[in-house]
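Engineer: Just need the structure, nothing else, for what follows:
(one chain, ligands or ions: 2)
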Amino acid sequence: MSRLPQLVPISIADLEHNAHTTLAINALDYYRSGANDMQTLKDNQDAYSRLRLRPRILRDVSKVDTTTTLLGHKVSSPICIAPTAMQRLANDAGEKATARAAAKAKKCMILSSWSTTSAEDTIEAGREVPWDQSASGALPLFWFQLYVYKDRVVTEQLIRRVEKAGYKALVITVDTPFLGRRLADVRNVFKLPGHMSMANFEHKDSKESSLAAYVVSQIDPTLNWSDIAWVRSITKLPVVVKGVLTAEDAKLAADTGVEAILVSNHGGRQLDGVLATIDALPEVLEAVKGRGVEVYIDGGVRKGTDVLKALALGAKAVFLGRPILWGLAHDGEEGVSLALNLIQQEFELAMALAGCCKIEDINRDHVQHGTTARSKL
Ligand SMILES: Cc1cc2nc3c(=O)[nH]c(=O)nc-3n(C[C@H](O)[C@H](O)[C@H](O)COP(=O)(O)O)c2cc1C
Ligand SMILES: CC(C)CC(=O)C(=O)O
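Structural biologist: Residues are numbered from 1 along each chain as shown. Ligands and ions are numbered 1, 2, ... in the order given. From the prediction side, this is the model:
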């Protein structure tokens, strides 16, 4: 098969292009696919293009500061790393490379339950990078994404391990009672290669079965709000619910006492046909207004202007899924650093060009839906 030439990457799109030229087809398909017709996958990005920015001028933007806080921890930027499973498919250094890049950038990384490196080894790799406080006071931040296993003993043991290892929040993914139907994975009969394992669950590994069958065998489809309350009752770590898309569920999340909500459709990989996350964000924000719940977003964030739009609509932070995998595939740790730096630099430039010097300067008036001037709306 002839491969396209590599680009010298200067954008996330370039990194994606390069990953298409280098990754083995089963890994590439697993990473890039959405469910079914991939309508939501496409819409996650398209929806950002339907928004327009409203810049302010003459505001002395010679210095731009992107530091912010997530659940009380100061990080260098609201650009964070979403949990993605099986990162060693992209590069042998996998999750360790991502952790080092996150630590260097003093950004927040969420590690997937289904990582190919254990929770302990991943955070340890992050610690190899000095966690010295920068002048801004920002520090690296590691959170753990939890799939709730049918076996609650396994679930609780994992929570104890990640508490001990130093993860600072549990991000419970609630949109995967079953795996979405990703047609390419079905055709490729995708499964984890024999030399890798789901490193947090060695004894639960099921290399023989497809991913969908593994989910059916291990993940609890009876999961409901009382289980979220149960997790909260057995840990002091703050809880983030990942996969909220409606005002109704946002209210229930707040009622359950969770500290944060991650508006997510799992990168279009679960229920195809749901709203793009940036279109679902306003109703979620409205539903939890004044309840002290932080609201984040992921899905389709590829450019600095996307970050600006999400923050202008009210998100506290954005999480990147595939862009990190494209960086990993390009050049391991260096590639993840490149992905993070490219979008960080774009965001800083977008802030300056919109007249914003700090995160608090970004507000609802910096963005509008549609392409018609406000005076004509
Ligand atoms: C290859 C891949 C694996 C993923 N694995 C997980 C996972 O293990 N746990 C989880 O909660 N979300 C998982 N996600 C969803 C991401 O956390 C995130 O919601 C999504 O990728 C964001 O969209 P983006 O890829 O457009 O940035 C995965 C996404 C991809 C693309
Ligand atoms: C192993 C999978 C359930 C990980 C995941 O969330 C995904 O592939 O989207």
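
Engineer: Can you give me the neighbour number for residue 292?
Structural biologist: Neighbours of residue 292 under the rule other C-beta atoms under 10 Å: 9. For glycine as for every other residue, the C-beta is placed from the backbone atoms N, C-alpha and C.

Engineer: Excluding chain neighbours, what is closest to the one residue in the stretch 251-377 of the chain that gets nearest to ligand 2?
Structural biologist: Nearest residue of the stretch 251-377 of the chain to ligand 2, counting by C-beta to the nearest ligand atom: residue 269, 4.5 Å away. Once flanking residues are discounted, residue 269 sits nearest to residue 180: 5.0 Å by C-beta to C-beta, 6 or more residues apart in numbering.

Engineer: how about the residues of this protein that lie near ligand 2?
Structural biologist: Residues of the chain lying close to ligand 2 (C-beta under 6 Å from any ligand atom) are 85, 114, 176, 179, 211, 215, 266, 269.

Engineer: One more pass at 8 Å, please.
Structural biologist: Within reach of ligand 2 by C-beta under 8 Å from any ligand atom, the chain has these residues: 30, 83-86, 112, 114, 147, 173, 176, 179-180, 182, 198, 211, 214-215, 219, 266-267, 269-270.

Engineer: Helix, strand, or coil at the residue nearest to residue 269?
Structural biologist: Classification of residue 180 using DSSP: H, G, I helix; E, B strand; the rest coil returns coil.

Engineer: Would you map the helices across the stretch 251-377 of the chain?
Structural biologist: With DSSP state H, counting those that start in this stretch as the criterion, the stretch 251-377 of the chain has helices at 277-288, 304-313, 322-353.

Engineer: And the stretch 101-250 of the chain, by the same measure?
Structural biologist: According to DSSP H, counting those that start in this stretch, the helices that the stretch 101-250 of the chain contains are 119-127, 152-165, 183-188, 211-218, 225-234, 247-256.

Engineer: re the thing from before, want to try CSV for the helices of the stretch 251-377 of the chain, with mean neighbour count as columns?
Structural biologist: Output for those, formatted as CSV (neighbours: other C-beta atoms under 10 Å):
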stretch, mean neighbour count
helix 277-288, 21
helix 304-313, 24
helix 322-353, 23
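
Engineer: For these, give me TSV that also has mean pLDDT.
Structural biologist: Output for those, formatted as TSV (pLDDT from 0 to 100):
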stretch	mean pLDDT
helix 277-288	98
helix 304-313	99
helix 322-353	98
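
Engineer: burial measure for residue 92, as a count.
Structural biologist: Neighbours of residue 92 under the rule other C-beta under 10 Å: 14.

Engineer: got it, and the one 5 residues further on?
Structural biologist: A count of neighbours around residue 97, defined by other C-beta under 10 Å, yields 27.

Engineer: in which helix or strand would I find it?
Structural biologist: Taking DSSP states H and E as the definition, residue 97 sits inside helix 94-105.

Engineer: Can you tell me which of the helices of the stretch 101-250 of the chain is nearest to residue 352?
Structural biologist: Proximity to residue 352 (C-beta to C-beta) singles out helix 119-127 among the helices of the stretch 101-250 of the chain, at 29.9 Å.

Engineer: hang on, the earlier thing: show me the contacts for the residue of the stretch 251-377 of the chain closest to ligand 2.
Structural biologist: Shown in contact with residue 269 (C-beta atoms under 8 Å, 6 or more residues apart in numbering): 33-35, 41, 180, 182.

Engineer: so what's residue 92 closest to, chain neighbours aside?
Structural biologist: Residue 92 sits nearest to residue 332 (C-beta to C-beta, 6+ apart), 7.9 Å away.

Engineer: and stretch 16-36, is it in reach of ligand 1?
Structural biologist: Yes - counting by C-beta under 8 Å from any ligand atom, ligand 1 has neighbours in stretch 16-36: 30-33.

Engineer: again, but for stretch 102-116
Structural biologist: Yes - counting by C-beta under 8 Å from any ligand atom, contacts between stretch 102-116 and ligand 1 involve 110, 112-115.

Engineer: and the residues you listed as JSON lines, adding pLDDT and neighbour count?
Structural biologist: Formatted as JSON lines, those follow (pLDDT from 0 to 100; neighbours: other C-beta atoms under 10 Å):
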{"residue": "110", "pLDDT": "99", "neighbour count": "26"}
{"residue": "112", "pLDDT": "98", "neighbour count": "24"}
{"residue": "113", "pLDDT": "97", "neighbour count": "24"}
{"residue": "114", "pLDDT": "95", "neighbour count": "22"}
{"residue": "115", "pLDDT": "97", "neighbour count": "28"}
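
Engineer: returning to that earlier point: touching, the residue nearest to residue 92 and residue 95? I think so.
Structural biologist: No - Residue 332 is beyond contact range of residue 95, at 11.3 Å (criterion: C-beta atoms under 8 Å).

Engineer: Just the endpoints, please. Distance across stretch 252-269?
Structural biologist: Terminal residues of stretch 252-269 lie 24 Å apart, using C-alpha to C-alpha, to the nearest Å.

Engineer: Just the buried residues of it, please?
Structural biologist: 252-254, 256, 258-269 (16 or more other C-beta atoms under 10 Å).

Engineer: Check the offset of that stretch from the chain's centre.
Structural biologist: Averaging C-alpha positions (C-alpha atoms, centre = their mean, to the nearest Å) puts stretch 252-269 12 Å from its chain's average.
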